[in-house]
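> Starting from these lines, generate the structure:
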Amino acid sequence: MKASVLIATLALCTFVLAGAPAASSRAADAQSPLGLWKTVDDKTGMPRAMVRIYLQDGKYFGRIEQSFTPGAETRVCSVCTDERKNQPIIGLLIIRNVTPRDGAYGGGDILDPDTGSVYRCKFHLHKDGTILEVRGFIGISLLGRTQTWQRQN
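Alright, predicted model coming up:
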C-alpha cells in the first residue's frame, strides 16, 4: 500500500512540475495575444510604442512599456478625461477588459493617448501569432481604425 501512495505522489509531483513551464511560457504562445507588441501607426506606418498585453482576472489589458516618440519619458496624458488623466505615458494602461470571443478578442476598450479618446476595442492574431490587428471603434466596428502590431517576444 505504501508503494502505491509513493507512486501516486511522484506522479502528482511530475504532473505539477511538467505544467509549470507551460504556464510560464503562455506569453510566448503564438495562439495568445499575451506578450510584448510593437505598435505601428496606421496613418504613418512608423513604430509608436511597445505595449505589454497581460491577463488579469480572465481579461486582457495592455500597458505602454516604451515609446518611440521623443520626450515620451516625461510626458503625461494631459488630454485623458478619466482616471488616467495626468498619468505618465510610460506605464499607461491603454487596453482594458478585453475578453476572448469566437477566436478573437473584444468587449473592452482602448485609449488613444494622443487625443484622450476611448474607443471600443477588438483584436485578433494573424501570421502564426506574429501580427496582432487591433481595431478601435465607436458604436459599430465599421466606424473605426485598425493598427497592425508586431510581436516582439
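> Every contact and neighbour count from this point should use C-alpha atoms.
OK.
> got any ranges where this structure has weak pLDDT?
1-28 (pLDDT under 70).
> roughly how far apart are the most centrally placed residue in it and residue 112?
For the chain, the residue nearest the mean C-alpha position is residue 53 (2.1 Å; CA atoms, centre = their mean). Noted for residue 53: a distance of 16 Å to residue 112, by CA to CA, to the nearest Å.
> So what's the residue count around residue 118?
By the criterion of other CA atoms under 10 Å, residue 118 has 19 neighbours.
> again but with residue 45, I slipped
11.
> got a list of what it touches?
Taking CA atoms under 8 Å, 6 or more residues apart in numbering as the definition of contact, residue 45 has no neighbours.
> Residue 120 now?
Residue 120 touches 107, 108, 109, 110, 136, 137, 138, 139, counting by CA under 8 Å, 6+ apart.
> The fourth one in helix, strand or coil?
When states are read from DSSP: H, G, I helix; E, B strand; the rest coil, the local structure at residue 110 comes out as strand.
> I'd assumed residue 121 was in contact with it.
Yes. Counting by CA atoms under 8 Å, residue 110 does reach residue 121; the two are 5.5 Å apart.
> Now for the two: what residues contact both?
In contact with both residue 110 and residue 121: 95, 136, using CA under 8 Å, 6+ apart.
> among the contacts of residue 120, which two are most distant?
The largest separation in those, counting by CA to CA, is between 110 and 139 at 13.3 Å.
> Neighbour count: those two, which is higher?
Neighbour count, other CA under 10 Å: between residue 110 and residue 139, residue 110 has more, with 23 against 10.
> Alright, I will stop here.
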